[in-house]
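1. here's my sequence, what's the structure:
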Amino acid sequence: MKANARLSQLRELIHYHNHRYHVLDDPELADAEYDALFDELLALEAAHPELVTTDSPSQRVGSAPLSQFATVRHERPMLSLDKCTTPQELADWLQRCRNRLPDEAIGLACEPKIDGVAVALIYEQGVLTLASTRGDGQTGEDITANVRTIGAVPLRLSAADIPARMEVRGEIYMPLAEFERFNETARRNGAKTLVNPRNGAAGSLRQLDPGLTAQRPLTMYCYSLGWAEGDWQPASHTEALEKLTGWGFRVSPDVSRCKNLEDVQRFLDRLLARRAQLGYDIDGAVIKVDSLDQQRRLGEVTRKPRWAMAFKYPPEEATTRLLDVEFQVGRTGAVTPVARLEPVFVGGVTVSNATLHNMAEIARLGVHVGDTVMLRRAGDVIPQVTGVIASKRPAGSGTIDLPEVCPVCGSAIVYENDGVVARCSGGIQNCPAQRKESLKHFASRLAMDIEGLGDKLIEALVEASLVMEPADLYGLAPESLAELPRMGEKSAAKLVTAIARSRQTTLPRFIYALGIREVGEATAISLANHFGRLDALREASVEALEEVPDVGPVVAANLAEYFAHPDNCALLDHLLAAGLEWPDIEVTAQASGGPLADQIWVLTGTLETMTRDAAKQRLVALGAKVVGSVSKKTSCVVAGPGAGSKLTKAQSFELPVLDEAQLLERLNELENG
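-> Numbering: from 1, shown residues only. The predicted structure follows:
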């Protein structure tokens, strides 16, 4: 194909996908595929500069503003960034900077490249007067009313040294935990889910009704001072960010000064290793020349500054083909559709399977076997299908139907929650899939913590009919274990010893190990501390169960149903007969009241001197309720290394935050009276 024809084709494609993403909020390409089209366009235009047109996407930073919003002319252009993906490309960029600034030391600033929506905020006399999107770099959209609804954006600044007028630039984004929570609620209600956090943020800011924006979980990190009027002018980018922090803006705590490329590479490696723990999406890092004077002298080219470079990480989204759908059966009997995909590289790994959640989600997506689908994988999160490109659907594609019977044991499938949840009715006694998953949960670290009893070995035990229920584990002999694949005499003896050791446990661990629906570790602790003995819990009525902190009507009904079922009663009796034991818990006023009564605590990140489970038990013993999510009702957050979105949310709510040393000091004070 001739260059001119290919350029025309590329421009039309990019314009089309820009419109779908920025205007319709309905993308058909993953970011990496869009970038590949844009890179091809730039390369062809570089080779044929005589063919560059004024309306080429290369001459613009983004798409045109929506007609429903008033337009805003930026006082200084909001430029896009050039990008690279290899250390050599980064070194080449820095060398180009050095060539333009010979004999000068060049300091660098590195920061995460947040995958959100770039905005410009103008403050006059410390008051937010205008908020706009980047738009095409010259002209953006007036989204002031919507941005005012975001708690992380200051409406008024009170410091004495604030410039009379200034522009602050930042990235509005949706934290991952809030994105997942929003989508889960939407799925339960049969509403439209968001494709990804960035698309969700963009769509939220384009709501004509600010009340709808206020319902979306948005926040912002500031990444630069666009300009400021007055005598004070920062000398460096990092000085400007420090000043913004002092004025009350959220600035990423991961901004780092670097002296050379070696420092930059260490930053990139650390950030990539922490990518899944950040609590928000990034697609790389931004490396900038720190000195603002050097930035001005380096200048810019058509659509990007010479003084900055975006280093892109492997994409977390891609498109691929859905080859088939299989149905897996979980611990509680839930039948879950799993997509079998044409293998695709995404999020740093090759993915061939993804979750489809449930049949309601399949219906909402309108997915057929053979479809080209959008796939998302972030960190260690299970890959999920987020959209369908209907325009690429092949002729004769097949619809997806739930089987009438369990694909593993043949038992009837029953429906719950108005038909949203499908479950195998066989139970662990009849369904090998439920049996395997129940045993995996029973042996897990937070439950009975049986060292060496991994997933593969549990599957082998079930397939060999050596274990039909958890109590059977305690009757295993080394001789029978040694006959299993990859198990020798020493390994078998070691496993039997580990199983025997697990007989001595705690009541919260035992309750959690049973795998009762919706009874997590925190609820298990609450139940143990409230009743003190297993017998008291087994005999409790629904009304008595609802008196337990962290237990509502649904969980109480699940507990009552579990302890009333003859099969479960037999399972409990078998476990007790196998010698499992624990100390009873003395139910005291302190456990049900205590100095932390009515307080809600959240633990996040890694604790180094004790496990989070141990910290929870100590807090609950003092009367606190320990939950997994942060809200405005949270009393205190304990944040260890690696704390992500929960810490960010706590800071946005201005909640008390303790580190591990402060937690230990507080616990010791309260426990010692």
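2. ok, and for stretch 132-147, which residues are buried?
-> By neighbour count on 16 or more other Cβ atoms under 10 Å, the buried set for stretch 132-147 is 132-137, 139-144, 146-147. C-beta coordinates here come from the backbone N, C-alpha and C atoms, glycine included.
3. now for those residues: which two are most distant?
-> 137 and 146 (20.4 Å; Cβ to Cβ).
4. wait, which of the buried residues of stretch 132-147 is closest to residue 519?
-> Taking Cβ to Cβ as the measure, residue 519 lies nearest residue 146 of the buried residues of stretch 132-147, at 40.3 Å.
5. am I right that that closest one is in a helix?
-> Yes. Assessed with DSSP: H, G, I helix; E, B strand; the rest coil, residue 146 lies in a helix.
6. which residues does the residue lying closest to residue 282 once chain neighbours are set aside contact?
-> Nearest residue to residue 282, sequence neighbours excluded (Cβ to Cβ, 6 or more residues apart in numbering): residue 112, at 4.6 Å. Applying Cβ atoms under 8 Å, 6 or more residues apart in numbering to residue 112 gives the contacts 252, 254, 271, 278, 282, 285, 286.
7. lowest average confidence, helix or strand, in the chain?
-> The least trusted helix or strand in the chain, going by mean pLDDT, DSSP states H and E, turns out to be helix 589-592, with a mean of 44.
8. immediately after it, which helix or strand?
-> Next helix or strand after helix 589-592 toward the C-terminus (DSSP states H and E): strand 600-604.
9. chain center to the helix or strand harbouring residue 555, what's the gap?
-> Residue 555 belongs to helix 553-564 when assigned by DSSP H and E. The chain centre lies 30 Å from the centre of helix 553-564; the measure is Cα atoms, centre = their mean, to the nearest Å.
10. show me what the helix or strand following that helix packs onto, helices and strands only.
-> The first helix or strand that comes after helix 553-564 along the chain, using DSSP H and E, is helix 566-577. Counting contacts by 3 or more Cβ pairs under 8 Å, 6 or more residues apart in numbering; DSSP states H and E, helix 566-577 is packed against helix 534-538.
11. export the helix it packs on to CSV, keeping only CA atoms.
-> The C-alpha coordinates for helix 534-538 follow below in CSV (Å, rounded to 0.1, in the frame of the first residue of the first chain):
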residue,chain,number,x,y,z
LEU,A,534,-18.8,-23.9,69.3
ASP,A,535,-21.8,-25.5,71.0
ALA,A,536,-23.3,-22.1,71.8
LEU,A,537,-22.8,-21.0,68.2
ARG,A,538,-24.3,-24.2,66.8
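12. now the strands for the stretch 251-400 of the chain?
-> Counting by DSSP state E, counting those that start in this stretch, the stretch 251-400 of the chain has strands at residues 256-258, 282-289, 308-312, 317-329, 335-346, 349-355, 372-376, 384-388.
13. export those strands as JSON lines, with columns for mean neighbour count, distance to residue 632 and mean pLDDT.
-> Output for the strands of the stretch 251-400 of the chain, formatted as JSON lines (neighbours: other Cβ atoms under 10 Å; distance: least, Cβ to Cβ, whole Å; pLDDT from 0 to 100):
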{"stretch": "strand 256-258", "mean neighbour count": "17", "distance to residue 632": "32", "mean pLDDT": "96"}
{"stretch": "strand 282-289", "mean neighbour count": "23", "distance to residue 632": "27", "mean pLDDT": "96"}
{"stretch": "strand 308-312", "mean neighbour count": "23", "distance to residue 632": "35", "mean pLDDT": "95"}
{"stretch": "strand 317-329", "mean neighbour count": "19", "distance to residue 632": "32", "mean pLDDT": "93"}
{"stretch": "strand 335-346", "mean neighbour count": "18", "distance to residue 632": "33", "mean pLDDT": "93"}
{"stretch": "strand 349-355", "mean neighbour count": "15", "distance to residue 632": "31", "mean pLDDT": "90"}
{"stretch": "strand 372-376", "mean neighbour count": "22", "distance to residue 632": "29", "mean pLDDT": "91"}
{"stretch": "strand 384-388", "mean neighbour count": "21", "distance to residue 632": "29", "mean pLDDT": "89"}
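14. nearest to residue 576, out of those strands?
-> Smallest distance to residue 576 across the strands of the stretch 251-400 of the chain (Cβ to Cβ): 27.9 Å, for strand 317-329.
15. can you list the strands that the closest one pairs with?
-> Looking at strand 317-329 with DSSP bridges, its partner strands are strand 335-346 (antiparallel), strand 372-376 (antiparallel).
16. so which of these comes closest to residue 586?
-> The nearest among the strands paired with strand 317-329, by Cβ to Cβ, is strand 335-346 at 41.4 Å.
17. quick one: that closest one to strand 349-355, angle?
-> 160 degrees (axes from the mean of the first three to the mean of the last three Cα atoms, to 10 degrees).
18. just the angle between strand 335-346 and strand 384-388, please?
-> 80 degrees.
19. which residues touch the residue minimising distance to the centre of the chain?
-> When the chain is reduced to its mean C-alpha position, the nearest residue by Cα atoms, centre = their mean turns out to be residue 176, at 3.7 Å. Applying Cβ under 8 Å, 6+ apart, we find residue 176 in contact with 197, 279, 280, 281, 378, 644, 645.
20. surely residue 423 meets residue 413?
-> Yes. With contact defined as Cβ atoms under 8 Å, residue 423 reaches residue 413; the gap is 6.8 Å.
21. rewinding a little: looking at the contacts of residue 176, which is nearest residue 474?
-> residue 644 (39.0 Å).
22. pretty sure that closest one contacts residue 606?
-> No. Counting by Cβ under 8 Å, residue 644 stays clear of residue 606, with 11.2 Å between them.
23. ok, those two, which is more surrounded?
-> Neighbours were counted for residue 644 and for residue 606 using other Cβ atoms under 10 Å; residue 644 has more, 20 against 13.
24. could you pull up the residues touching that one?
-> Residues counted as contacts of residue 644 (Cβ under 8 Å, 6+ apart) are 176, 177, 277, 278, 279, 280, 604, 605.
25. against residue 252, how distant is it?
-> 12 Å (Cβ to Cβ, to the nearest Å).
26. with residue 617 as the reference, measure out to the closest residue to residue 594 other than its chain neighbours.
-> Take residue 594 and drop its neighbours on the chain: the residue closest to it by Cβ to Cβ, 6+ apart is residue 623, 2.8 Å away. Distance from residue 623 to residue 617, counting by Cβ to Cβ: 13 Å.
27. swap in residue 471?
-> Counting by Cβ to Cβ, the gap from residue 471 to residue 617 is 26 Å.
28. one step back: farthest-separated two in the contacts of residue 112?
-> For the contacts of residue 112, the farthest-apart pair by Cβ to Cβ is 278 and 286; their separation is 14.5 Å.
29. now do stretch 517-528, average pLDDT.
-> Per-residue pLDDT over stretch 517-528 has a mean of 87.
30. flag every buried residue along it.
-> By neighbour count on 16+ other Cβ under 10 Å, the buried set for stretch 517-528 is 517, 519, 521, 522, 523, 524, 525, 526, 527, 528.
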